[in-house]
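Asker: fold the following.
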Amino acid sequence: MLEGRNVSLKPLEKEDLDWFTQWNNDPAYGGEYEPLEQNSLTDIEKWYTEEASGRWFVIQNKQGDPVGQIMYTEGGLGTTIGYIVHPDYRGKCFCTEAVTIMVDFLFLTKKIVRITAQCNPKNKASVKVLEKNGFTLEGIVRKAMFIRGQYMTSAVYGILREEWGKPRIL
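Answerer: Residues are numbered from 1 along each chain as shown. You can find the predicted model right below:
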């Protein structure tokens, strides 16, 4: 488990898939900037077995309750992170700290030079999370995602190893 001051990151485990499925099927969880998804527990279990192991983490508060999720992938633009926090826990800096922990973890354990993340530029909360963690806006991709019946723009952010410098939490 990766420990921070207010949150910890623990690997997503099979025991988490019930609430994980419920949250990911809830339109309020994704909000206006994430695609609508409806997946069965069987679908999520298959995805977990084939793709998610070791790269998806549960963001937990100090009481051990799940408050969101964070993940990383490798390929394409290098190492990319993605994150989401349950609406009940937004605005409490949990996501900012979770990204700090993930950036530290990735730069300390992987031989990488950059980490990228994407968000809708209108998603001010996500932009703030990235900027607080030293990410720089690198570009805008028009009509990058089809979400809720319309094409949306994506902002690409990145942080280089030399911009990161040293661990902030770990």
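Asker: use CA for all of it now, contacts and neighbours both
Answerer: Fine.
Asker: tell me which element the nearest residue to residue 40 once chain neighbours are set aside falls in.
Answerer: Leaving aside its sequence neighbours, residue 40 sits nearest to residue 21 (Cα to Cα, 6 or more residues apart in numbering; 7.2 Å). Under the criterion of DSSP states H and E, residue 21 resides in helix 17-24.
Asker: so how far is that helix off the chain centroid?
Answerer: 16 Å (Cα atoms, centre = their mean, to the nearest Å).
Asker: could you point out which element follows it?
Answerer: Downstream of helix 17-24, the first helix or strand assigned by DSSP H and E is helix 27-30.
Asker: which helices and strands does the next helix or strand after that following helix pack with?
Answerer: Once helix 27-30 ends, the next helix or strand along the chain (criterion: DSSP H and E) is helix 41-47. On a contact count with 3 or more Cα pairs under 8 Å, 6 or more residues apart in numbering; DSSP states H and E, helix 41-47 meets helix 17-24.
Asker: tell me which stretches of the chain form strands.
Answerer: With DSSP state E as the criterion, the chain has strands at 2-3, 7-11, 56-61, 66-75, 78-85, 114-119, 136-147, 150-160.
Asker: thank you kindly, that will do.
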